[in-house]
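# Structure for the following, please:
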Amino acid sequence: MVAEGAGVSFVMPVLNERRYLERAVETTLAQRVDGPTELVLALGPSTDGTTELAERLAAEDPRITLAHNPAADIPIGLNIAIRASTLPTIIRVDAHSELAPDYTERALATLARTRAANVGGVMRADGRTPFQRAVARAYNSPIGLGGGAYHSGTHEGEAESAYLGVMRRAVLDEVGLFDESIRRGEDWELNLRIRSAGYRVWFDPSLAVTYWPRESWARLARQFHATGTWRGELVRRYGRRNSARFFAPPALVAAIVLSLVCGLLQATGALTGWWSLLASLVYLPVIAYALLVLVVGLGLGGGKGWRDKLWTLAVLPTIHLTWGVGFLGGLVRGAHHTVDTSRLGDRNTPLP
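Coordinates of the predicted model:
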């Protein structure tokens with residue numbers, strides 16, 4: 001491994017994040033680092049006053065550098081920010097997140113101890129409203145997002161990918177930056193190249209990042225449809241190197257479609273007798289899923305009132321079905337120019 005000096009460059013793509021940006025910047029600049037730090041904000045074409053807020057923050061702190069990302073795409077913004085940065089360790093930060101005070105200190109220690117190329121921790125989702133809390137519970141549950149290490153993992157070790165990522169610039173220079181043709185799942189693809197080059201990607205559950213999920217049902221649905229579409233595209237490109245857990249949501253969608261077809265054929269009398277009985281087996285996975293959502297949703301929704309429970313029951317199938325439908329579309333047609341529009345159109349959204 002190439003020896004590296006001290007200093008950390010934080011890189012943050014930003015689009016319509018006025019409600020969250022100031023706190024994200026505050027927790028980033030408060031990190032304890034033995035050496036110089038800088039924060040590069042890659043500003044997309046926001047419509048909610050985010051750019052003006054970023055300009056004010058940069059005027060108040062010389063550690064902040066502004067770079068413009070007119071395309072708004074996350075991988076393009078990340079690459080713009082990385083190229084504008086100067087220090088030997090790159091830490092990706094989400095404008096919708098907050099870093100624990102010792103996040104960087106711990107991450108750098110883990111990076112040195114394990115000699116990994118990229119280190120990540122746990123995405124600890126949280127919410128301020130009943131809906132957002134329900135989404136957060138889904139994120140934090142193995143049922144909600146399929147049990148990925150950075151959502152619910154507890155054991156340290158080598159990983160498939162890393163949430164956000166604390167990365168060695170020397171390795172990025174060797175394997176290349178984010179693939180700008182991939183608009184969702186770009187972190188997974190980069191970590192695939194890092195691992196293919198013989199380096200480690202490491203998960204450390206002691207690293208925690210607070211993440212604030214989407215605030216409305218429509219935005220959540222758009223987010224996960226786009227994410228699923230790009231996962232279908234990644235399966236087209238990389239096949240079996242994708243984890244088996246990514247295939248669960250499209251399998252659920254297929255089971256529901258088969259159940260609807262079977263029900264229609266039975267209702268019209270086109271399917272009768274033993275054939276009808278045999279075909280009825282397609283209902284079993286759908287019934288099992290519905291029961292699982294009911295049990296897990298009610299359990300995850302406890303502690304904050306009935307609205308949290310009801311929203312949790314709606315959020316879980318929304319995540320799974322929109323992701324699954326998107327996956328099938330991406331697998332069949334490709335993702336092409338699919339983008340996540342859930343951060344757009346915040347101009348008229350009131351601030352808390």
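
# looking only at pLDDT, what's the mean for whichever helix in the chain runs longest?
For the chain, the longest helix by residue count, based on DSSP state H, is helix 306-333. Mean pLDDT, computed over helix 306-333, is 94.

# And stretch 344-352, by the same measure?
The average of the pLDDT scores along stretch 344-352 is 43.

# Stretch 206-226 now?
Averaged across stretch 206-226, the pLDDT comes to 94.

# Need the distance between the two termini of that stretch.
End-to-end distance of stretch 206-226: 30 Å, with Cα to Cα, to the nearest Å as the criterion.

# And Arg245, how far from Arg231?
For Arg245, the distance to Arg231 equals 11 Å [Cβ to Cβ, to the nearest Å]. For the C-beta atoms, the positions are set from N, CA and C on the backbone; glycine is no exception.

# just to revisit the earlier point, buried residues of the longest helix of the chain, list them for me.
308-331 (16 or more other Cβ atoms under 10 Å).

# Ignoring the adjacent residues along the chain, who's closest to Arg63?
Nearest non-adjacent residue to Arg63, counting by Cβ to Cβ, 6 or more residues apart in numbering: Glu38, 5.3 Å away.

# The one you found should be in a helix, yeah?
No. Going by DSSP: H, G, I helix; E, B strand; the rest coil, the assignment for Glu38 is strand, not a helix.

# Next one: it from Asn16, what distance?
Between Glu38 and Asn16 the computed distance is 24 Å (Cβ to Cβ).

# before we move on, what about Pro142?
From Pro142 across to Asn16, the span is 30 Å (Cβ to Cβ).

# Which one's more surrounded, those two?
In this view Pro142 and Asn16 are compared by other Cβ atoms under 10 Å, and Asn16 has more residues nearby, 24 against 13.

# quick one: secondary structure of that one?
With three-state DSSP as the basis, Asn16 sits in coil.

# how about the closest residue to Leu344 other than its chain neighbours, phi and psi?
Leaving aside its sequence neighbours, Leu344 sits nearest to Asn16 (Cβ to Cβ, 6+ apart; 6.6 Å). Backbone torsions for Asn16, taken as degrees, to the nearest 10, come to phi 50, psi 60.

# Make sure Asn16 is actually in contact with Thr51.
No. Using Cβ atoms under 8 Å, Asn16 makes no contact with Thr51, being 9.8 Å away.

# residues touching Ile91, list them.
When contacts are counted by Cβ atoms under 8 Å, 6 or more residues apart in numbering, Ile91 is found next to Val8, Ser9, Phe10, Val11, Thr104, Ala107, Leu164, Gly165, Val166, Met167.

# before we move on, what about His155?
His155 makes contact with Pro205, according to Cβ under 8 Å, 6+ apart.

# Show me how far the strand ranked longest in the chain is from its chain's centre.
The longest strand of the chain (DSSP state E) is strand 201-211. Using Cα atoms, centre = their mean, to the nearest Å, the distance from the centre of strand 201-211 to the centre of the chain it belongs to is 13 Å.

# List the strands paired with it, with their directions.
Note on strand 201-211: by DSSP bridges, its sheet partners are strand 97-99 (antiparallel), strand 118-125 (parallel), strand 157-158 (antiparallel).
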